[in-house]
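Asker: This is a predicted model, with the sequence first.
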Amino acid sequence: MAAAPLAGLAGGLAVPVAAHAAPLPTSGYRLTGRDHPLFAPRYPYEGVMRRLAPDLGPAVPLAGVAAAADRTADRVTRWPAPAGDPGRPYRFDVPPQRRLAGHSFRWDADDFTDERWRPQGITQDYDGDGTSPARTLLVSWYARGSARDQGARLTVVNWSPTGAITYRHVLLVEPFTERDDQDELRDDIGATDIHAGGIAWYGDHLYVADSGYLATGSMRVGIRVFDLRRFFRVTRGPGIGRQPDGKTFHAHRYEYVLPQVHGYNWSGTARDLTFSQLSVDRTASGPGLLVSEYATTGAPRLVRWPFRPAGGLRPRAEWAASVPRGVRTQGAVKVGSTYYLTTSNGSRRAGALRTWKSTSGATVQHRSRLNIGCEDLSYDGSGSGALWTLGEYANDVGPDDLRAPYSRYVYAVRP
């Protein structure tokens with residue numbers, strides 16, 4: 001991402017810019033739930049999945065996918081130099097400060113260097129139930145280049161501070177019904193065309209940020225919801241969807257898919273909100289979903305929607321505020337009365353962990369250095385106090401300007 005504004009440099013570290021946040025009226029921040037694809041409003045997700053069930057087979061819960069991990073990550077004890085041909089003009093990553101010992105790993109060799117996918121969002125067990133320590137990490141990726149039509153995927157990571165770290169990729173899909181070339185209705189699955197810049201696990205569901213526009217270009221989509229009890233195993237093969245035999249499904253050679261079950265569209269009267277990242281906020285009277293906005297100009301915002309006791313989100317936000325201009329937020333969580341923000345600084349400079357207290361005059365403070373290309377943020381409040389984040393780059397800015405380092409690490413820092 002592009003560089004954040006600096007007041008100056010001190011010892012190579014960014015000096016934070018003093019700026020002020022402003023509370024915003026919540027009446028202009030609303031969501032409208034939807035139970036169907038945007039392009040097929042007559043066919044709700046639940047009905048499509050019910051009709052697909054005989055061919056897709058039994059649902060697989062999150063634990064079952066975790067048990068089927070087929071890749072092994074590499075534990076990182078010391079921030080390494082990037083791998084690659086010394087003749088290529090790559091840059092070295094910057095080691096983060098305040099890193100928790102034993103809480104760092106990198107993807108296997110293929111995923112660490114794969115330029116077709118970039119990791120973005122992260123969430124873990126404590127987000128899900130408010131008590132459990134991080135043992136399962138969920139990470140979202142978006143597809144690029146030759147893989148662009150594959151949309152987004154989720155990685156289920158078996159995290160251990162001492163043992164092997166294993167994982168499996170799952171393709172995020174959207175179930176739909178449409179008429180085929182014989183004018184007959186056909187139920188199928190397709191890829192999700194989303195950036196998946198932030199994710200939040202709450203209860204049995206995964207909330208995924210959708211920063212795109214509706215087909216009309218008139219307003220933001222908002223949030224997609226997936227049921228973590230309902231993964232499905234499909235046949236490994238090229239392409240996606242139902243195959244000519246009518247019974248087999250492919251998902252771009254992935255063995256598991258996670259179908260969308262619900263969504264929320266932005267329907268507020270305030271300036272369109274970019275749903276860039278999500279996190280679970282358990283600091284108020286009831287848990288809520290904190291949405292943070294990435295922007296290179298203007299005043300990016302933080303907005304909180306409360307969860308309903310029976311599940312799902314209430315339509316009206318209960319809190320909203322603008323944050324200092326140019327912060328370029330990549331992730332945000334609230335710990336006690338303090339907001340922690342990950343902010344990127346382009347492909348050449350270190351990112352930063354910054355703090356803001358809504359009662360302290362709204363001055364954003366530099367907390368510590370993060371690695372280059374830092375992304376989303378998730379807080380483990382079970383006792384470790386870990387702030388989990390990750391880097392996105394794989395020396396992949398462009399063929400003639402290989403500026404970005406290999407920064408594709410997953411790690412936790414102290415608040």
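Answerer: All right, it came through fine.
Asker: what's the longest helix along the chain packed up against?
Answerer: Longest helix of the chain, by residue count under DSSP state H: helix 45-56. Under the contact definition 3 or more CB pairs under 8 Å, 6 or more residues apart in numbering; DSSP states H and E, helix 45-56 sits against strand 166-179, strand 185-191, strand 256-266. The C-beta positions use only the backbone N, C-alpha and C, and glycine is treated the same way.
Asker: Now render the ones you listed as CSV, adding distance to I240.
Answerer: Below are the helices and strands packed on helix 45-56 laid out as CSV (distance: least, CB to CB, whole Å):
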stretch, distance to I240
strand 166-179, 7
strand 185-191, 6
strand 256-266, 9
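Asker: what stretches of the protein score poorly on pLDDT?
Answerer: 1-22, 81-91, 213-220, 325-326, 359-362, 398-403 (pLDDT under 70).
Asker: try it again with 80
Answerer: 1-22, 80-92, 180-183, 212-220, 284-285, 297-299, 324-327, 358-363, 396-404 (pLDDT under 80).
Asker: Quick one: end-to-end distance for stretch 107-123.
Answerer: Terminal residues of stretch 107-123 lie 16 Å apart, using CA to CA, to the nearest Å.
Asker: any idea how far it is from the chain center?
Answerer: 12 Å (CA atoms, centre = their mean, to the nearest Å).
Asker: G197 contacts Q120, correct?
Answerer: Yes: between G197 and Q120 there is a contact under CB atoms under 8 Å: 4.9 Å.
Asker: which of the residues in the longest helix of the chain are buried?
Answerer: Neighbour-count burial for helix 45-56 flags 45, 48-49, 51-52, 56 (criterion: 16 or more other CB atoms under 10 Å).
Asker: Serialize those to JSON lines and add fields for distance to R301.
Answerer: Converted to JSON lines, the buried residues of helix 45-56 look like this (distance: CB to CB, whole Å):
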{"residue": "Y45", "distance to R301": "29"}
{"residue": "V48", "distance to R301": "34"}
{"residue": "M49", "distance to R301": "34"}
{"residue": "R51", "distance to R301": "40"}
{"residue": "L52", "distance to R301": "38"}
{"residue": "L56", "distance to R301": "39"}
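Asker: Specify the stretch among the helices and strands packed on helix 45-56 that is closest to T389.
Answerer: strand 166-179 (16.9 Å; CB to CB).
Asker: which other helices and strands contact that closest one?
Answerer: Counting contacts by 3+ CB pairs under 8 Å, 6+ apart, strand 166-179 packs against helix 45-56, helix 62-67, strand 71-72, strand 152-158, strand 185-191, strand 256-266.
Asker: how far out from the middle of the chain is the second one?
Answerer: To tie it back to what came earlier, the one meant is helix 62-67. Here helix 62-67 shows a centroid-to-chain-centroid distance of 19 Å under the convention CA atoms, centre = their mean.
Asker: Give the other helices and strands that that helix contacts.
Answerer: Packing partners of helix 62-67 (3+ CB pairs under 8 Å, 6+ apart): strand 152-158, strand 166-179.
Asker: Mean neighbour count added to those, as JSON lines?
Answerer: JSON lines is the format used below for the helices and strands packed on helix 62-67 (neighbours: other CB atoms under 10 Å):
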{"stretch": "strand 152-158", "mean neighbour count": "24"}
{"stretch": "strand 166-179", "mean neighbour count": "21"}
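Asker: could I get those strands as JSON lines with distance to S368?
Answerer: Below are these laid out as JSON lines (distance: least, CB to CB, whole Å):
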{"stretch": "strand 152-158", "distance to S368": "24"}
{"stretch": "strand 166-179", "distance to S368": "27"}
